[in-house]
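Q: Sequence and predicted structure are below.
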Amino acid sequence: MDILIVDDEKSIRLTTSLALEAEDHYVETAEDRTTALKRVKEENFDLIFLDLRLGDEDGLEVLQKILEMKPHQLVTIFTAHASISTAVKATQLGAFDYLEKPFTPDQLRAIIIKAKKALQTQGEVVRLKETVKELKSEARHSSPPVRFESDDEFTRQEFDTLFRAAATPASILILGESGTGKSVIAREVHDRSHLHDKPFVTVSCPSLSKELLESVLFGHVKGSFTGAIKDTWGKVSAAEGGTLFLDEIGELPLEIQPKLLRLLQEREYERLGENKTRSSNVRVIAATNRDLRQCVNEGTFREDLYYRLNVITITVPSLRDRPDDLLRFANEYLAYFGSQMGRKIDGFSESGRSAILRHSWPGNLRELRNAIERAAILARGNKIEAEDLPSPSQSHSVREGGDKSLSLGGEHTIEELEQAHMIKVLDWAPSLQDAASILGIDKATLYRKRKRYGMD
């Protein structure tokens, strides 16, 4: 190991150096703060031995300066018996260990062995981080690029609100159908925030039973339930200082909701089977494809939790509500998959574009991505034809089942008449913007009314 000894006593520097060099370690020495900090800046040492008292200088200040320059540096404190309490404080400030004077060669060897293990662990962590970085890079290159621009005015406004809120600690609720990219959007919020270099941890609320979900979220102690054979830290702890993303929060069991509310309001939680209250500093982003307001009315979602999550709320429109974006996404997917497969495909034919616009895409981006990938593989020509894509679905099938005998002056509610009129207009209007203009409302209002009447 490469070791630096910082001590104002020449005898300590000499005897420690001899002991370490006898074990084949490389050793340098420094007698004061200035020399020590200069060598730390110039060289990389595996371990530093630092005296708490350097003449009139405070070793704790030197420790802090070293760790400012190199946060992961291992520093062992030399201390006299009377300064044990100060040595403990040094470990709280980031010192690796402390060694009481006078010490024996065996005690010195024990520190060296401990430091080697710590360095090995550090190396494994660094390698793991590099592996994760490489995997993320590979994942980015193995998927089409994600863009957050939009030709749709409502979508642009929603994204603008979202990304302006990204830099704040506010909770964010992302609404939208399955496949609209809510999890990708949540990750983008994290990456654009002040927490971008901190953990981003995802919990899928529908994927586990109530008992397991509570344990996954908050952790548990040994023996708290059958199968709890050891203490476990949950995702809240794993996300400390970063972002906790709760996917499909509308499926969160009612029994767990008070605990999540406490985490949001008081920044506190308890592990399952433990009475000790722990503090938490996480930013919560939640997403759902359910109407949480309706869930509140039905009693399956707490109203106070809904309002606590509903600080910044945005809705990601479905693809069928974004025809201009739909074609742009399709072209980007096609360019990507064509390149991946080494095929030169010159876009979509007129029939191909028409098929894309006619299809309702109930699976949204997820379905579109799969459809374009399949078309890029199976297309016979250099353009994607309608026959290469899924057959158009009846995107307005819900409407066709409605009562077509409504008439003015009949025994019908205003809502029934409004819904019937909207259905007729939407059936023939060239676009949602045209339909909104005909109905005398803005596009956002039209979008909400369609959701209300189940016309998606």
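A: On my side now, so go ahead.
Q: mind giving me the domain ranges of this protein?
A: Listed domain ranges for the chain are 2-116, 153-316, 319-388, 397-452 (source: automatic domain parsing).
Q: where does the protein dip in pLDDT?
A: Scanning the chain for pLDDT under 70 picks out 81-84, 125-145, 391-412, 427-431, 434, 456.
Q: quick one: the strands in the stretch 301-450 of the chain?
A: Assigned by DSSP state E, counting those that start in this stretch, the stretch 301-450 of the chain shows strands spanning 312-316.
Q: buried sites along stretch 46-56?
A: Of all the residues in stretch 46-56, those buried under the rule 16 or more other CB atoms under 10 Å are 46-54. Any C-beta I mention is one placed from the backbone N, CA and C, and that applies to glycine too.
Q: Pull the most distant pair out of those residues.
A: Pairwise distances across these (CB to CB) peak at 24.0 Å, for the pair 46 and 53.
Q: Just to check, residue 237 is in contact with residue 219?
A: Yes: assessed by CB atoms under 8 Å, residue 237 is found in contact with residue 219 at 6.0 Å.
Q: Of those two, give the one with the bigger neighbour count.
A: When residue 237 and residue 219 are compared for neighbours, residue 219 comes out ahead with 23 against 18, by other CB atoms under 10 Å.
Q: Now the phi/psi pair for the more buried one, please.
A: When read as degrees, to the nearest 10, the backbone of residue 219 gives phi 90, psi 170.
Q: so who does it touch?
A: Applying CB atoms under 8 Å, 6 or more residues apart in numbering to residue 219 gives the contacts 231-234, 236-237, 271-272.
Q: give me the number of residues near residue 5?
A: The number of residues packed around residue 5, counting by other CB under 10 Å, is 25.
Q: ok, so what distance separates it from residue 68?
A: Distance, residue 5 to residue 68, using CB to CB, to the nearest Å: 21 Å.
Q: Same check on residue 292?
A: In terms of CB to CB, residue 292 sits 46 Å off from residue 68.
Q: the more surrounded of those two?
A: residue 292 (21 against 11).
Q: Now do the SS call for residue 40.
A: helix (DSSP: H, G, I helix; E, B strand; the rest coil).
Q: Quick one: residues contacting the closest residue to it other than its chain neighbours.
A: Excluding its sequence neighbours, the residue lying closest to residue 40 (CB to CB, 6 or more residues apart in numbering) is residue 66, at 5.5 Å. Residue 66 makes contacts with 36-37, 40, 48, 50, 73, 75, as judged by CB under 8 Å, 6+ apart.
Q: All the helices of the stretch 351-456 of the chain, in order from the start?
A: Secondary structure of the stretch 351-456 of the chain by DSSP state H, counting those that start in this stretch: the helices cover 364-378, 397-400, 414-428, 432-439, 443-452.
Q: Helix, strand or coil: sort out residue 4 for me.
A: Here residue 4 is strand, with the state taken from three-state DSSP.
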